[in-house]
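In: Predicted model and sequence follow; I will ask about them next.
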Amino acid sequence: MINVLIVEDEEAIANLIKISLEGAGYLTNIAYDGEAAIDLVEEKQFDLILLDVMIPKVDGFSVLEYVHNQNIPVIFITALSDVNNKVKGLKMGAEDYITKPFALEELLARVEVVLRRNNKITDIIKYRNIEINTSSHIVTMDGAVIDLTKKEFDLLLLFMQNKNVALYREVIYERIWKEDFYSDTRTVDLHIARLKKKLNLEAEIKTVYKIGYRFEVQS
Amino acid sequence: MKLSFKIFAISFLIVISLLGLFGFVIITNSFNKELIIEKERITNDNKFLSMVITSLYKNDFTSVNNNDGTIYPNINDYFLSIFQNMSNDGEVFIGTKKRLKYVDDKLLDSISSNEQIYRVIEINNTYYSQVITKLSNDSQDTFIEHLSSLQTIYDMRSDNYHFYTLFLIIGSLISSIILYAFSIYVTYPLKKLNKISKLWEEGNFNVRNNASIRSMKSVELSNLALQFNNMADKLSHHIEELEDYNQRQEDFISRFTHELKTPLTSIIGYADVIRTYDVDSKKRHEFADYIFKEGKRLEELTQHLLKLILLKNDEFDFIDYNSKKLFRELDRSTVFLVNKYEANISYDCEEAIINIEPVLLKSLLYNLVDNACKASIDNKDIIIRGKIKNDSYVISVIDHGKGIDEENLSKVTEPFFMEDKSRSRKQGGAGLGLSLAKEIARIHGSELDIKSKLGKGTTMSIRVRIYNEK
């Protein structure tokens, strides 16, 4: 499992990141200041660090300098939109940055990109007899290529990344179609029905009454 | 044109023309003197000879007049030989017109009898001084002429001119070298100043022209250099102030962005979680609580900011106020704090009429008491003291809490500064309270005086005016 260290002095935000990362299947640890972060890095093995720049005791850039020697990829979080800080962070070896306020979707996407770039995760997501190649967008079932539309592929990925949680229909629509939702649920239902059929996922993708869908996996 | 060249050219011209004029005057003067001496000598010789002849012949020239113009030949020759010897390099002619050399009738006619004339004539590029005396009787004019070459005097003058020209050429060469060196030497400090001011132009304000001041012998230039230094000092001071101001502004903006974006991140994030996933009610409550608290924080931030902005702009109504009344009202408004923090507030106040903006001052004092409550841990005694000191009234809020770290003492009134961020967040602070307090103190014409010892407690005081009956 991928282990992510969250360094953030705001409890609310640290918790928020933790929730969304754990939802996507990562393990997390939280450090509320720079000192605790360095202690944790010495103690445990991390695959990625999400680092706020403005933290007490030891500031973010110093932590960045320290962990850079340990070859742990770092994404730094900053409320400062000025270019200097971003350039400074990137020059000091950070893999990427994200500015507050950020959408959780964006955070997860950046985390995934950095992890993949550092070979911490493969491009291939496996589930049962299904293999999803996230870079070539090819899906195979028992070795045979399954022909999916772009929307179906995106839907499949969304479910894979949000196992065992009920997703609202409206949000599914917004995430996949990138448009605001106008009470027309049929589009979502139609695409999900086709996806279920193509990949034999009738048992896993469950309709949740009044809410939307849940991808259920027996652990 | 370069200044050094100007100085050089002008002084060179002056020196050379003065030298030339001087030499010319000297040479001409000595030449004239020589001429006068020569004139005196020749006229005296002539006068002497004419006196001798006059006394010898008693105006009776006819008897001795011959056809060839000589007077009596023997005497003539005799005299001639004597006088020829007397006038070293001159010639003497005695007799009628015919005997004379270099004369014409017009000249001879213009001479009245027994008169002597003197003139300088030029014959074949040679100058002569000529003296003629006319001795007359009834029938005949007899002339005595002295003729003497002035060539040596003229030669000497042209020799002098030549020599002096040579001297002038060599002199001008030498003086031009000296003057050039001098002009460079004089303008060198200016060059140096120029160089330094160029460095300033490039923004390098640390250089000063101390070295060139020392090298400057003249007061004007060293004053100028000093003035330049002062100017640079002032400029760099201003620049530093501006940079400082910019830095503070930048800090303020970056802190402000941070303070603004942090709650926004939570609000947007948790709202996103709730609307995306069907979370259980316990979690939903937890997330909604985050959203609520962070929203509150944003509200407080905006309110404080608004106040700060208003305080910077507005004019205020100061009124005379009884201090007892002020503290009574403060006591009433802090009841909530006393209950919340279980603090023990006591008053030690002298009565006075003070000139204040009561709403602002009460909000300041409330703020200070609030801070004191938050800082207190074990000993929750908080003392509010009002003392008359000279013409002013000093109000202090004294706590026995954890105190402020010395290095943070100057920073606590900066906007968004929080000593213990997570703790003050939990207590609902936005980091603007003391900035506001400082601003209100400023409106009352006072500093916000902070004295603190780590672990012992903090005293914050402000000074307000006492109502003056006069």
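Out: Noted; the coordinates are in hand.

In: What ranges does chain A have for its helices?
Out: Using DSSP state H, the helices of chain A run over A:11-23, A:34-43, A:60-68, A:83-91, A:104-117, A:150-161, A:169-177, A:186-199.

In: and those helices, which one's lowest on average pLDDT?
Out: Within the helices of chain A, confidence is poorest for helix A:83-91, with a mean of 80 (mean pLDDT).

In: for it, packing partners?
Out: helix A:60-68, strand A:74-78, strand A:96-99 (3 or more CB pairs under 8 Å, 6 or more residues apart in numbering or on different chains; DSSP states H and E). Yep, even glycine has a C-beta here, placed from its N, CA and C like the rest.

In: give me the residue from chain A nearest chain B.
Out: Closest contact between chain A and chain B, by CB to the nearest CB, is at A:A166 (3.4 Å).

In: Spit out the contact partners of the residue positioned nearest the centre of chain A.
Out: Centroid-nearest residue in chain A: A:L108, 2.5 Å away (criterion: CA atoms, centre = their mean). Applying CB atoms under 8 Å, 6 or more residues apart in numbering or on different chains, we find A:L108 in contact with A:20-21, A:24, A:161.

In: repeat that with 6 Å
Out: A:A24 (CB atoms under 6 Å, 6 or more residues apart in numbering or on different chains).

In: before we move on, back to that, what number of residues lie near the residue of chain A closest to chain B?
Out: 19 (other CB atoms under 10 Å in any protein chain shown).

In: Relative to B:L190, how far out is B:I184?
Out: Plainly put, B:I184 is 11 Å away from B:L190 if you go by CB to CB, to the nearest Å.

In: B:S172 now?
Out: Between B:S172 and B:L190 the computed distance is 26 Å (CB to CB).

In: How about A:V139?
Out: Applying CB to CB to A:V139 and B:L190 gives a distance of 83 Å.

In: who has more neighbours, these two?
Out: Legend: neighbour count by other CB under 10 Å for A:V139 and B:L190, higher for A:V139 (21 against 16).

In: Just list the residues touching that one, thanks.
Out: Counting by CB under 6 Å, 6+ apart, A:V139 makes contact with A:132, A:146, A:148.

In: Please produce TSV containing those, extended by neighbour count and distance to B:Q247.
Out: Listed next are those as TSV, based on neighbours: other CB atoms under 10 Å in any protein chain shown; distance: CB to CB, whole Å:
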residue	neighbour count	distance to B:Q247
A:I132	21	51
A:I146	19	60
A:L148	19	55
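
In: Going by distance to B:I132, which of the residues you listed wins?
Out: Distance to B:I132, by CB to CB, is smallest for A:I132 among these, at 144.8 Å.

In: Tell me which residues touch the closest one, please.
Out: Counted by CB under 6 Å, 6+ apart, A:I132 has contacts A:125, A:139.

In: So for it, what's the pLDDT?
Out: Residue-level pLDDT assigned to A:I132 equals 88.

In: ok, the residue lying farthest from the centre of chain A to B:I26 distance?
Out: When distances to the mean C-alpha position of chain A are computed (CA atoms, centre = their mean), the maximum falls on A:K57, with 28.7 Å. Distance, A:K57 to B:I26, by CB to CB: 94 Å.

In: what does A:Y26 give?
Out: A:Y26 is 110 Å from B:I26, by CB to CB.

In: on that earlier part again, quick check, pLDDT for the residue of chain A closest to chain B.
Out: pLDDT, read off for A:A166, is 87.

In: Please name the nearest non-neighbouring residue to it.
Out: In this structure, A:A166 finds its nearest non-sequential neighbour in B:D278, 3.4 Å apart by CB to CB, 6 or more residues apart in numbering or on different chains.

In: Let me know the distance separating that neighbour from B:A288.
Out: With CB to CB as the criterion, B:D278 and B:A288 are 15 Å apart.

In: and those two? which has more neighbours close in?
Out: It is B:D278, of B:D278 and B:A288, that has more neighbours when counted by other CB under 10 Å, with 16 against 13.

In: The more buried one reaches A:L167, doesn't it?
Out: No. Using CB atoms under 6 Å, B:D278 makes no contact with A:L167, being 7.7 Å away.

In: rewinding a little: could you give the bridge partners of the residue of chain A closest to chain B?
Out: Note on A:A166: beta-bridge partners A:R214, judged by DSSP bridges.

In: what about it, distance to A:Y209?
Out: 10 Å.

In: Could you do A:I176 as well?
Out: 21 Å.

In: Kindly report the same for B:G20.
Out: From B:G20 across to A:Y209, the span is 122 Å (CB to CB).

In: more crowded one of those two?
Out: B:G20 (15 against 6).

In: Find the residue closest to that one in space, skipping its chain neighbours.
Out: Per CB to CB, 6+ apart, closest to B:G20 is B:L168, 6.0 Å.

In: State the helix or strand in which the one you found lies.
Out: helix B:151-201 (DSSP states H and E).

In: before we move on, what about B:K47?
Out: Following DSSP H and E, one finds B:K47 within helix B:3-57.

In: Would you list the phi and psi of A:G93?
Out: Dihedral angles of A:G93 (phi, psi; degrees, to the nearest 10) stand at phi 110, psi 10.

In: Sorry, wrong one. I was asking about B:I94.
Out: As for B:I94, its main-chain torsions (degrees, to the nearest 10) stand at phi -130, psi 140.
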